[in-house]
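Novice: after the sequence you'll find the predicted model.
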Amino acid sequence: MLRENLSLTSGVKSLARNWRYCFSPRRKIGYLGWLGHNNLGDEAMYRVATKIFHDFEVLPFKDTPKMRLYEQLTNKRIFDAIMVGGGTLINSNGWLSKVEKAFNKNKKTFLLGVGVRNPAFWSSKGEKSCIPEWIDLLSQCKFVGVRGPLSLKSLEECNFFGAEITGDQVLSLTNEKIIKKKEGIKKIGINIGMTREKAWSSDEHVLDIVVRSVNVFIEKGWKVEFLPVWDQDINLIEEAVRRINKPVPIFKGFLSLEKTIRFLESCSIFIGEKLHSVILAMTTATPSIMLEYRPKCLDFMLSMDLEEFNIRIDKLSLDLLIETMEKVVYQQNDLSEKIFQKATYYKNIQREKCDLIREMILQS
């Protein structure tokens with residue numbers, strides 16, 4: 001009896017998880033992204049997909065035996081289209097096979113705001129480039145939108161000219177207007193994180209410079225608060241706080257997109273290492289400094305015409321960070337307006353492209 005009850009409970013839970021895949025009356029888009037790993041950036045990209053395609057069921061792509069059986073019995077596909085939804089996925093061997101599998105399920109496959117892994121950087125980390133194989137696949141996709149100019153260049157250098165820069169997908173979360181910062185508040189949000197040493201320099205180097213800079217900021221009257229965007233970053237951030245040896249808080253609500261946005265709105269300036277910590281800050285028009293740990297960070301900052309506020313971490317020093325911080329403070333209001341205008345530009349581009357993609361999906 002217990003085994004039967006457990007089996008029934010398991011079946012009910014499975015139905016609850018999967019009913020939208022089979023029984024929702026709305027058309028469905030299968031979403032490919034790195035979900036379920038407590039990484040706010042990847043979860044934010046999925047949230048954007050559900051928002052801009054609000055009239056569809058946007059569901060994490062999966063292809064199980066039960067789903068294939070359902071398709072055979074009903075003689076119809078579960079997904080009406082496939083969305084490769086952000087992240088730096090192009091030129092990844094692991095993601096190539098996943099996207100190929102999804103594409104073979106539905107040729108109405110499109111990419112929006114996806115980054116291209118820099119071939120030279122990743123080759124130096126022992127990972128072989130697979131851009132030619134990706135181009136074979138991309139040439140068959142319905143639309144290819146990439147994050148920034150470096151991504152576009154990597155594809156064009158391999159003779160693929162079918163991509164457009166649409167900006168990072170998360171920019172679709174940009175506020176409708178600039179929310180003014182509270183007067184008299186001097187608050188810096190800071191993000192650092194684990195890179196598994198697949199970065200321009202070591203985590204220890206970034207940690208050391210950030211700790212020393214925080215002490216300088218505090219001496220100058222700034223309030224500092226750390227923001228994780230991945231639960232794997234917390235240990236490094238806690239080590240930073242321990243070394244600072246002053247009461248510097250860590251924002252605990254980072255797994256909530258709404259709470260994180262409100263936190264970023266409260267910051268006067270933001271300094272971030274992880275890519276989407278800075279992108280989320282820019283959706284609130286918060287002037288930001290990018291600590292470029294991989295080329296994808298520069299790709300984004302170039303797309304925003306803000307490369308002067310990008311510091312590659314192997315070039316990072318206390319003096320350079322303080323100098324860049326002073327430049328941001330001096331230009332704070334103008335920078336906020338510039339960020340807002342550029343982010344809104346990409347937000348509008350993404351809306352336009354999604355309208356065209358929507359028409360493509362609805363065609364029989």
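Specialist: Received the coordinates, thanks.
Novice: only C-alpha atoms for contact and neighbour calcs from this point on.
Specialist: Noted.
Novice: low-confidence ranges in the protein?
Specialist: For the chain, the stretches with pLDDT under 70 are 1-17, 364.
Novice: show me the domain layout of it.
Specialist: Here the domain parsing of the chain from automatic domain parsing is 21-172+345-362, 187-342.
Novice: any chance of JSON lines for these, columns mean neighbour count and distance to Ile179?
Specialist: Output for the domains of the chain, formatted as JSON lines (neighbours: other CA atoms under 10 Å; distance: least, CA to CA, whole Å):
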{"stretch": "domain 21-172+345-362", "mean neighbour count": "18", "distance to Ile179": "16"}
{"stretch": "domain 187-342", "mean neighbour count": "19", "distance to Ile179": "7"}
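Novice: closest to Ile178 out of the ones you listed?
Specialist: Closest to Ile178 of those is domain 187-342 (CA to CA; 6.3 Å).
Novice: quick one: contacts for the residue positioned nearest the centre of the chain?
Specialist: The structure's the chain has its C-alpha centroid closest to Gly41; by CA atoms, centre = their mean the separation is 4.0 Å. If you count contacts by CA atoms under 8 Å, 6 or more residues apart in numbering, Gly41 has them with Val170, Val229, His276, Ser277.
Novice: so the first one, which state does it fall into?
Specialist: To tie it back to what came earlier, the one meant is Val170. Secondary structure assignment for Val170 (DSSP: H, G, I helix; E, B strand; the rest coil): helix.
Novice: any idea how far it lies from Ser277?
Specialist: Distance, Val170 to Ser277, by CA to CA, to the nearest Å: 11 Å.
Novice: do the same with the second one
Specialist: Computed as CA to CA, the Val229 to Ser277 distance reads 6 Å.
Novice: kindly report the same for Gly36.
Specialist: 18 Å.
Novice: how are the helices of the stretch 201-350 of the chain distributed by residue range?
Specialist: Residue ranges of the helices in the stretch 201-350 of the chain, as given by DSSP state H, counting those that start in this stretch, are 203-219, 234-244, 257-265, 275-283, 295-303, 318-330, 332-362.
Novice: list residues touching both of Val229 and Ser277?
Specialist: Gly41, Asn191.
Novice: how about the strands in the stretch 1-150 of the chain?
Specialist: Along the stretch 1-150 of the chain, counting by DSSP state E, counting those that start in this stretch, strands occupy 28-32, 57-60, 81-84, 109-114, 143-146.
Novice: turn these into TSV, including distance to Lys338.
Specialist: Formatted as TSV, the strands of the stretch 1-150 of the chain follow (distance: least, CA to CA, whole Å):
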stretch	distance to Lys338
strand 28-32	32
strand 57-60	32
strand 81-84	29
strand 109-114	20
strand 143-146	21
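Novice: for those, which one sits closest to Val248?
Specialist: When those are compared by CA to CA, strand 109-114 sits nearest Val248, at 34.6 Å.
Novice: ok, and what's touching the closest one?
Specialist: Taking CA under 8 Å, 6+ apart as the rule, strand 109-114 contacts 81-90, 103, 141-147, 165-169, 350, 357.
Novice: which residues does Phe340 contact?
Specialist: Contacts of Phe340 (CA under 8 Å, 6+ apart): Thr174, Lys177, Ile178, Met282, Thr283, Thr284, Ala285.
Novice: give me that answer again for 7 Å
Specialist: Residues near Phe340 by CA atoms under 7 Å, 6 or more residues apart in numbering: Ile178, Ala285.
Novice: same question for the one 10 residues further on.
Specialist: With contact set as CA under 7 Å, 6+ apart, Gln350 has these partners: Thr166.
Novice: and with 8 Å instead?
Specialist: Per CA under 8 Å, 6+ apart, neighbours of Gln350: Leu112, Thr166, Gly167, Gln169, Ser172.
Novice: what does Trp200 give?
Specialist: Glu292, Tyr293, Arg294, Arg312, Ile313, Asp314.
Novice: now these as TSV including distance to Leu257?
Specialist: Listed next are these as TSV, based on distance: CA to CA, whole Å:
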residue	distance to Leu257
Glu292	23
Tyr293	23
Arg294	24
Arg312	27
Ile313	27
Asp314	30
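Novice: name the nearest of the residues you listed relative to Arg26.
Specialist: Nearest to Arg26 among the contacts of Trp200, with distances taken as CA to CA, is Arg294, at 39.1 Å.
Novice: I'd guessed the closest one sits against Ala199; true?
Specialist: Yes. At 5.4 Å, Arg294 and Ala199 qualify as touching, with contact defined as CA atoms under 8 Å.
Novice: and the closest residue to Leu40 other than its chain neighbours, its phi and psi?
Specialist: Nearest residue to Leu40, sequence neighbours excluded (CA to CA, 6 or more residues apart in numbering): Val229, at 5.2 Å. Torsion angles at Val229 (phi, psi; degrees, to the nearest 10) stand at phi -130, psi 0.
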